[in-house]
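Peer 1: sequence plus the predicted model coming up.
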Amino acid sequence: MGLAELSEANNANMLHGEHIILRLTYISRYNNHNENGEVTRILTQAQQNNARKGITGALVFNHNYFLQSIEGARPMINELLRKLIKDDRHFSLQVIECCEVEQRRWNKWSMKYLIPSEDNKELALKYSTGSQFNPYLMSTKQIMMLIDTLSTIQEQEETEANIASKKKKSWFSIS
């Protein structure tokens, strides 16, 4: 591709808003009656599709609710939102936040699955308004703080696991 063709392609992308990065955060309810709703399959599919389209994000799921924050070029996020609205694996989708961002918050992940567990149940409830985790009762600020905190904890655990695996080198290995 010549310089003129590359410049023309870049101008076309600019006209469609590919240079503008959006963050979209939404919540929805998991559809237990959907036969195609296995969460691990949904996550794998999202990771593959989103990586190809330059979409990054974090997904929190607790067998009742989806809470997701995704980032990418404006046309890609708009296309994904149209698909999410039609997706019958969940229902009651509510957009919590949609804004242009200067910098991605989730730039390390094509899609990361953050799991509220027994270990961090108190943390999830810290940002909730009741004794049960329900993102519909949480403010945008509470939701973003929860995702950020779960993300930080998971990154720390992954770092610690990497350090531990490096320390387990055999005594005869060559570094």
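Peer 2: Received it, and whenever you're ready, just let me know what you need.

Peer 1: now do the strands in this structure.
Peer 2: 21-30, 56-61, 65-73, 90-100, 112-114 (DSSP state E).

Peer 1: if we ignore the residues flanking it in sequence, what's nearest residue 29?
Peer 2: residue 92 (4.7 Å; CB to CB, 6 or more residues apart in numbering). Just so you know, the C-beta spots here come from the backbone N, C-alpha and C atoms, and that holds for glycine as well.

Peer 1: show the contacting residues for residue 91.
Peer 2: Residues in contact with residue 91 (CB atoms under 8 Å, 6 or more residues apart in numbering) are 28-29, 31.

Peer 1: need the pLDDT of the closest residue to residue 20 other than its chain neighbours.
Peer 2: Setting aside the residues directly before and after it, residue 20 is nearest to residue 74 in space (CB to CB, 6+ apart), at 4.5 Å. pLDDT recorded at residue 74 is 95.

Peer 1: please apply the same query to residue 169.
Peer 2: 53.

Peer 1: start at 36, not 1
Peer 2: Okay, using 36 as the starting number, the last item reads as residue 204.

Peer 1: what about the residue nearest to residue 64, neighbour count?
Peer 2: Counted with other CB atoms under 10 Å, the neighbours of residue 127 add up to 12.

Peer 1: out of the strands of the chain, flag the one nearest residue 175.
Peer 2: Taking CB to CB, strand 125-135 is the member of the strands of the chain nearest to residue 175, at 5.2 Å.

Peer 1: ok, back up a step: now the buried members of the contacts of residue 126.
Peer 2: Among those, those buried by neighbour count (16 or more other CB atoms under 10 Å) are 63-64.
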